[in-house]
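J.: Could you work out the structure for the sequence below:
(one chain, ligands or ions: 1)
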Amino acid sequence: MTEPTLSLRGLTVEIPTRHGLLRPVDKVSYDIAPGEILGVVGESGAGKSMAGNAVIGLLNRPARIAGGEVWLNGTRIDQLGREPMRKLRGKQIGMVFQDPLTSLNPLLTVGDQISETILEHLPLSRAQARERAIAALDEVGIPAAKDRVDSYPHAFSGGMRQRVVIALALCAEPSLIIADEPTTALDVSVQAQIIALLKRLCRDRGTAVMLVTHDMGVIAEAADRVAVMYAGRLAEIGPVADVLGAPRHPYTVGLMGSTPGASRGQRRLTQIPGAMPRLGALPQGCAFHPRCPRRGLNCDVDPAPGLEADGDRSACWFPVSDSEQVPA
Ligand SMILES: Nc1ncnc2c1ncn2[C@@H]1O[C@H](COP(=O)(O)OP(=O)(O)OP(=O)(O)O)[C@@H](O)[C@H]1O
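T.: Residues are numbered from 1 along each chain as shown. This next block holds a predicted model:
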């Protein structure tokens, strides 16, 4: 078996507050293999971004990793200091965020930004780095890359800027990309192009991708496997075809019901009743039970079963069985 590029083992993030400890990420375990796209999905506040930020060492204080392990290509990285972590970002981990302008320096040409990153991580001359920058812009579909390499970020449209960010994220040949809502700020027509681009480039290079999104449509389009998060915990994880074809956790069923087109071509738009609880006010038992149509005896008492990396697919005492699945 190939070694996973990224491996989370019981990753736990805590935020100390006056009212006690909050756990926005609670014992989360999953692997991402080389060239694989893992979609991490869930409603706002589920802890998706916090898990990604923990991996890249960019948690905002007072949030901190309080337990578990993060492994990148066989090396444990959750205890690395600031400087080694900074080196890892860019070289081994590329990042694509929702707003391309947060990743781009408005005062530098796109060519200079890509060249700087290349020079920081690869042993090349300035001229070689510039050639690589042009090739990188060309590869992400910037028309006339040779002429546009000396343009500033503001001269590009939103979609083109996100292409530049993808070129920047990939230019030092990282083994992992963390893409956090990479298409949310873009026009619908551009979203699919950007997702297709990310997918193609990462497949070709064998780059693993953690794709954070609230959009089941993006998951269906791009991901190989999907991890569904609820209130800081993994609710369900598995191959996209399995999870979307036959969701087991009632929360996954609900999420699909509220996403047009995600559930096998049906356009069923039903909302999950209620809202995700605040972290400081999680109900006893399974955190989803107050909203769950399948809750049974003790769901309000017993915590949901944990999900180990290679164990069950859903963290539910009463998962939807194959015979209950609605035929396509
Ligand atoms: N400094 C803080 N103090 C208290 N709670 C916080 C703090 N920072 C983040 N949180 C909480 O941590 C939880 C996880 O946030 P996170 O941004 O990871 O969610 P998300 O699933 O990525 O949501 P979104 O899609 O809205 O970005 C949220 O409930 C958020 O309110």
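
J.: Quick check: next helix or strand after the host helix or strand of residue 209?
T.: Assigning secondary structure by DSSP states H and E places residue 209 in strand 208-213. Reading on from strand 208-213 to the C-terminus, the next helix or strand found by DSSP H and E is helix 216-222.

J.: on that earlier part again, which helices and strands does the strand holding residue 209 pack with?
T.: Other helices and strands packing on strand 208-213, by 3 or more CB pairs under 8 Å, 6 or more residues apart in numbering; DSSP states H and E, are strand 20-32, strand 37-41, helix 48-55, strand 176-180, helix 188-205, helix 216-222. Placement of C-beta: from N, CA and C, glycine included.

J.: Let me see the residues that make contact with stretch 91-109.
T.: Applying CB atoms under 8 Å, 6 or more residues apart in numbering, the external contacts of stretch 91-109 come out as 55-56, 72-73, 89, 110, 113, 116, 120-121, 149-154, 158, 161-162, 164-166, 168-170, 172, 174-182, 184-185, 198, 207.

J.: By proximity to the ligand, which residue of the stretch 51-200 of the chain wins?
T.: As assessed by CB to the nearest ligand atom, the ligand sits closest to residue 63 within the stretch 51-200 of the chain, at 5.9 Å.

J.: Give me every residue in the chain lying close to the ligand.
T.: If contact is defined as CB under 6 Å from any ligand atom, the residues of the chain in contact with the ligand are 15, 17, 22, 24, 42, 44-50, 63, 214, 279.

J.: Identify, from those residues, the entry nearest to residue 137.
T.: Here the nearest of those to residue 137, counting by CB to CB, is residue 49; it sits at 27.7 Å.

J.: The closest one and residue 212 touch, don't they?
T.: Yes. Here residue 49 lies in contact with residue 212, judged by CB atoms under 8 Å, at a distance of 5.9 Å.

J.: which neighbours do the two share?
T.: Where contact means CB under 8 Å, 6+ apart, the residues bridging residue 49 and residue 212 through contact with each are residue 180.

J.: Look at the two and report which has more neighbours.
T.: Shown here are residue 49 and residue 212; by other CB atoms under 10 Å, residue 212 has more neighbours (29 against 20).

J.: what's the distance between that one and residue 284?
T.: Here the distance between residue 212 and residue 284 works out to 28 Å (CB to CB, to the nearest Å).

J.: tell me the angle of the strand holding residue 209 relative to strand 20-32?
T.: Direction vectors for strand 208-213 and strand 20-32, defined by axes from the mean of the first three to the mean of the last three CA atoms, to 10 degrees, enclose an angle of 130 degrees.

J.: partner strands of strand 208-213, parallel or antiparallel?
T.: Each strand paired with strand 208-213, and its direction, by DSSP bridges: strand 37-41 (parallel), strand 176-180 (parallel).
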